[in-house]
Every structure is written in structure tokens, then in C-alpha cells.
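1. One predicted model, sequence on top.
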Amino acid sequence: MAEEKRPLEGGRGYVPASPVKRALAWIGVVYMLILVALTTYFYFTGSGLRGLGPLLTIPGLIGLGIVALVSWRTAGRPGKWPAIGLAALCWLLALATLPIGIAGLMSNFGG
């Protein structure tokens with residue numbers, strides 16, 4: 001006899017996370033991977049990496065653009081054109097910041 005599945009006492013059962021929460025969770029995963037990589041580099045070399053500020057803004061900027069689009073698609077806010085404009089602005093800022101961040105990262109390995 002199969003056991004019948006019952007919802008939790010709240011009566012709602014399993015409710016999956018919203019797409020915005022999932023996007024934010026993926027941004028957090030990316031930052032955790034960066035943190036693990038930086039910690040591992042420190043343990044193996046005994047020195048930290050400097051000049052990574054611009055490079056560390058890139059996942060947040062990309063994620064903010066994605067969250068703006070996902071919010072518009074699921075909740076209808078902030079509106080179609082403001083969401084597209086915010087996403088484009090964030091992605092252009094990330095693209096402009098990328099060479100600065102790579103230069104800062106490479107300055108740690110130069111002679």
C-alpha cells in the first residue's frame with residue numbers, strides 16, 4: 001500500500017522559489033566560488049590578490065540586469081522599457097569594467 005503524501009501543517013505544501021530568488025541565489029553561488037578561489041590562492045601562495053574591486057563588481061552587475069528582466073517578466077515591474085534599459089546599462093557597465101578588472105588582476109602577476 002503506497003503511503004499518501006500529505007502537505008505540511010501549513011497546508012501549502014512545497015512552494016518553489018520565485019525566479020527572482022533563484023537568480024539571486026545564482027549570483028550568490030558565483031560570489032561563493034570567487035571567495036573559494038581567492039581563499040585557495042591565499043593558502044597556496046601566502047599572499048592575497050590586490051586590485052580586484054572592479055573585477056568583483058561584474059557578477060553583481062550582470063546579476064542585477066538579469067534580476068531586472070526576470071522581475072519584469074514575472075511581476076510586471078519595473079515595466080518593459082525601464083527593465084530593458086536597466087539591464088542594458090548594467091551589462092554595459094560590466095563590459096566597461098572588465099578590462100579594468102583584468103588589468104588589476106594581471107598586476108598581481110607582473111614582474
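-> All right, it came through fine. Numbers count the residues shown, from 1 in each chain.
2. where's the residue nearest to the spatial centre of the chain, which helix or strand?
-> Geometric centre of the chain, nearest residue: I27, 2.0 Å, by CA atoms, centre = their mean. I27 belongs to helix 19-45 when elements are defined using DSSP states H and E.
3. Okay, buried residues for that helix please.
-> By neighbour count with 16 or more other CB atoms under 10 Å, helix 19-45 contains the buried residues 19-20, 23-24, 27. (Each C-beta comes from the backbone N, C-alpha and C, glycine too.)
4. Stretch 55-72 now?
-> 55, 57-59, 61-72.
5. which residues are contacting that stretch?
-> By CB atoms under 8 Å, 6 or more residues apart in numbering, the residues outside stretch 55-72 that reach it are 19-20, 23-24, 26-27, 30-31, 34, 77-80, 82-84, 86-91, 93-94, 97-98, 101-102, 104-105.
6. switch the cut-off to 6 Å
-> If you take CB atoms under 6 Å, 6 or more residues apart in numbering as the criterion, stretch 55-72 is touched by 19-20, 23, 27, 30, 77, 83, 86-87, 90-91, 93-94, 97, 101, 105.
7. Contacts only, for the residue nearest to the centre of the chain.
-> Neighbouring residues of I27 by CB under 6 Å, 6+ apart: G63.
8. Against Y14, how distant is it?
-> Separation of I27 from Y14 (CB to CB, to the nearest Å): 24 Å.
9. min pLDDT across the contacts of stretch 55-72, which one?
-> In terms of pLDDT, R77 ranks lowest among these, with 82.
10. measure stretch 74-85 end to end?
-> End-to-end distance for stretch 74-85, by CA to CA, to the nearest Å: 17 Å.
11. Mind listing what's buried along it?
-> By 16+ other CB under 10 Å, the buried positions in stretch 74-85 come out as A83.
12. ranges for the helices of this protein?
-> Listed in chain order, the helices of the chain (DSSP state H) span 19-45, 53-75, 80-106.
13. Please identify which pair of the contacts of stretch 55-72 lies farthest apart.
-> R77 and L105 (36.3 Å; CB to CB).
14. burial count for L86?
-> When neighbours are defined as other CB atoms under 10 Å, L86 has 18 of them.
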